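S.K.: Sequence first, then the predicted structure:
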Amino acid sequence: MMVSTAAETDRLEKMFDDLVVTRSNPYSADLLSKGTSKIRGIKRLGEIFGFDLTEAMAFGDSDNDMAMLKNVGIGVAMGNATPQVKEIADYVTTSNGNDGIARALAYYGLVSFDDKASFVSKDLTFNKVKDFHRLMDGVTQEIPKVFSPEEAEHRSDFKIEEIVEFLYAVADGNSVRFDEMMDNLHAAIDKGAQKVLNQSVDSQSDALTAQTDSLIDLLYFTYGSLVLSGVDPYEIFNIVHKANMAKIFPDGHPHFDSVTGKLLKPDNWHDKYSPENDIKKELNRQTRVSIKKMNK
């Protein structure tokens, strides 16, 4: 390490052409043997412990971290990082004095960030979704509450869209069959509405209890569908969660279309985070494992 201003970097590089000059602050320069770097150290650890650079996450705040952040799978810039570091990072977290690493790990679904005002569930899947909403909404609901009609309709729209996509996938390109299934879905909604209207009111049930009971039943039915399809949801949920978390832009905030209000995706989202290929790979893996077990 040499005491040196940033303006002297070019001069140092000419004087010590057999060394690499990097900086961790404006007042000193780090002089390294060529071929020596943080990324080389990570690569060596990967060789020892059996992981690839694409599987590593690195955190940095200075220019001497740039090669490392560029070459690992996920490069995270701290909130106090230089502008150059933030520009090349996959994600920018808060500063090193404001839980930056913990918040980044929560952003990528590796941990649940526990602040004092927020409860943490024993259901780790719930915690991951909560981390997503913390970033998406800027706040989380910490006390049980009743959904308003507008909120309930909004959430139901999401669920109905996924049901329609499920039926479209089942129809497998058969438009006539898909139309029939959609007609049956409309009929099922009408039938369900009539059934609910004909039910006697349970004097013991309040709105919050009834809403929660229905949502848990939906969750139970979803798990049941996965059971009946023979699909283990654990890794696939993590794939989808990673893709959803990547919809948050590098500035740590969601971006919305100013006209439609629709959630926008970062430019590299489809290339780096679209989940379909990873879901297919995981389903192929599960199929291979299952067949081997059945043949034993």
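M.R.: Nice, thanks for sending it over. Remember, predicted model here, so these are calculated numbers, not experimental data.
S.K.: can you give me the strands for the stretch 151-296 of the chain?
M.R.: With strands called from DSSP state E, counting those that start in this stretch, the stretch 151-296 of the chain shows none.
S.K.: Low-confidence ranges, it, go.
M.R.: Confidence mapping of the stretch 151-296 of the chain against pLDDT under 70 gives the ranges 201-204.
S.K.: Residue 280: neighbour count?
M.R.: Number of residues near residue 280 (other C-beta atoms under 10 Å) recorded here: 10. Where C-beta positions appear, they are placed from N, C-alpha and C, glycine not excepted.
S.K.: quick one: it from residue 154, how far?
M.R.: Summarising the geometry, the distance separating residue 280 from residue 154, computed by C-beta to C-beta, to the nearest Å, is 30 Å.
S.K.: repeat for residue 187
M.R.: Look at residue 187 and residue 154: by C-beta to C-beta, they are 24 Å apart.
S.K.: Please enumerate the strands of the stretch 1-150 of the chain.
M.R.: 2-3, 19-25, 28-33, 57-60, 74-77, 91-92.
S.K.: Lowest average pLDDT across those?
M.R.: Ranked by mean pLDDT, those end with strand 19-25 at the bottom, a mean of 81.
S.K.: Can you name every helix or strand that that one contacts?
M.R.: Strand 19-25 makes packing contacts with helix 9-15, strand 28-33 when contacts are defined by 3 or more C-beta pairs under 8 Å, 6 or more residues apart in numbering; DSSP states H and E.
S.K.: most tightly surrounded among those?
M.R.: Between those, strand 28-33 has the highest mean count of neighbours, a mean of 16, where neighbours are mean count of other C-beta atoms under 10 Å.
S.K.: who touches that one?
M.R.: 1-4, 8-9, 12, 16, 18-24, 64 (C-beta atoms under 8 Å, 6 or more residues apart in numbering).
S.K.: now the stretch 1-150 of the chain, which segments are flagged as low pLDDT?
M.R.: Of all residues in the stretch 1-150 of the chain, those with pLDDT under 70 make up the ranges 113-117.
S.K.: The stretch 51-200 of the chain: helices as residue ranges?
M.R.: For the stretch 51-200 of the chain, the helices identified by DSSP state H, counting those that start in this stretch occupy 66-71, 83-88, 100-107, 124-137, 149-171, 175-198, in order along the chain.
S.K.: So for residue 253, which of these sits nearest?
M.R.: helix 124-137 (7.8 Å; C-beta to C-beta).
S.K.: Return the angle between stretch directions for the closest one and helix 100-107.
M.R.: Here helix 124-137 points in a direction 110 degrees away from that of helix 100-107 (axes from the mean of the first three to the mean of the last three C-alpha atoms, to 10 degrees).
S.K.: Identify all contacting residues around helix 124-137.
M.R.: Outside of helix 124-137, the residues within contact range by C-beta under 8 Å, 6+ apart are 106-107, 109, 112-113, 118, 120-121, 140, 237-238, 241, 244-245, 248, 252-254.
S.K.: Rebuild the helices of the stretch 51-200 of the chain as TSV, extending it with mean neighbour count and distance to residue 265.
M.R.: Putting the helices of the stretch 51-200 of the chain into TSV (neighbours: other C-beta atoms under 10 Å; distance: least, C-beta to C-beta, whole Å) gives the following:
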stretch	mean neighbour count	distance to residue 265
helix 66-71	20	22
helix 83-88	14	19
helix 100-107	21	16
helix 124-137	17	13
helix 149-171	11	16
helix 175-198	11	27
